[in-house]
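S.K.: Any chance you could fold what I've pasted below:
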Amino acid sequence: GDDFALRLRVPEGLAAQSLRGEGAVILNVTVTQPLKDEGLARDLVRLIQMTRKEAGLHISDRIELGIALPPEFAAAIERHRKFICEETLALELKPAIDGEDGFRLEHELEGKAVTIGLRRVAA
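M.R.: This is a model prediction of the structure:
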């Protein structure tokens, strides 16, 4: 055991942990654009769910959803439109909710202002 030292060298973009002679766990921790986009969509779903709660909606209520967000988020949100609608029970996703009967809440997403508006849809 004193004749050599075993070291685990890991290239950039990977993380590793030795399992004390039993092997090693190596993870690819590179954040690609598709992963960033998915993370953004999941964060937005969380904010929408918070807005639903603040609006006093029941967990099964269907909604119309409007989101005002910075242009740099638009492509990522569009790619995950179906996921966002399914997770939040939104029948449609618009740039904004019109009229006085909607509920709006300001949030921050990745340091930028996002306005989420929603309206309960009659069953």
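S.K.: Find the centremost residue of the protein, please.
M.R.: Arg42 (1.8 Å; CA atoms, centre = their mean).
S.K.: Tell me if that one really is in a helix.
M.R.: Yes: if the criterion is DSSP: H, G, I helix; E, B strand; the rest coil, then Arg42 is within a helix.
S.K.: show me what contacts it?
M.R.: By CB atoms under 8 Å, 6 or more residues apart in numbering, the contact list for Arg42 is empty. For every residue, glycine as well, the C-beta is placed using N, CA and C.
S.K.: Kindly report the same for Leu69.
M.R.: Leu44, Ile77, Leu109, Lys112, Val114, Thr115.
S.K.: Find the nearest non-adjacent residue to Glu87, please.
M.R.: Nearest residue to Glu87, sequence neighbours excluded (CB to CB, 6 or more residues apart in numbering): Val45, at 4.7 Å.
S.K.: I'd guessed that neighbour sits against Cys85; true?
M.R.: No: assessed by CB atoms under 8 Å, Val45 is found out of contact with Cys85, at 9.8 Å.
S.K.: And the biggest strand by length in the chain, what's buried?
M.R.: In the chain, taking DSSP state E as the definition, the longest strand is strand 112-120. Going by neighbour count (16 or more other CB atoms under 10 Å), the buried part of strand 112-120 is Val114, Ile116, Gly117, Leu118, Arg119, Arg120.
S.K.: Over to stretch 38-53?
M.R.: Buried residues in stretch 38-53 (16+ other CB under 10 Å): Leu40, Ala41, Leu44, Val45, Leu47, Ile48, Gln49, Thr51, Arg52.
S.K.: which residue ranges form the strands in the protein?
M.R.: 14-18, 24-28, 63-68, 90-94, 103-109, 112-120.
S.K.: What separation is there between the nearest residue to Ile116 once chain neighbours are set aside and Leu118?
M.R.: Counting by CB to CB, 6+ apart, Thr51 is the residue found nearest to Ile116 once chain neighbours are left out, at 4.6 Å. To Leu118, Thr51 is 6 Å away according to CB to CB, to the nearest Å.
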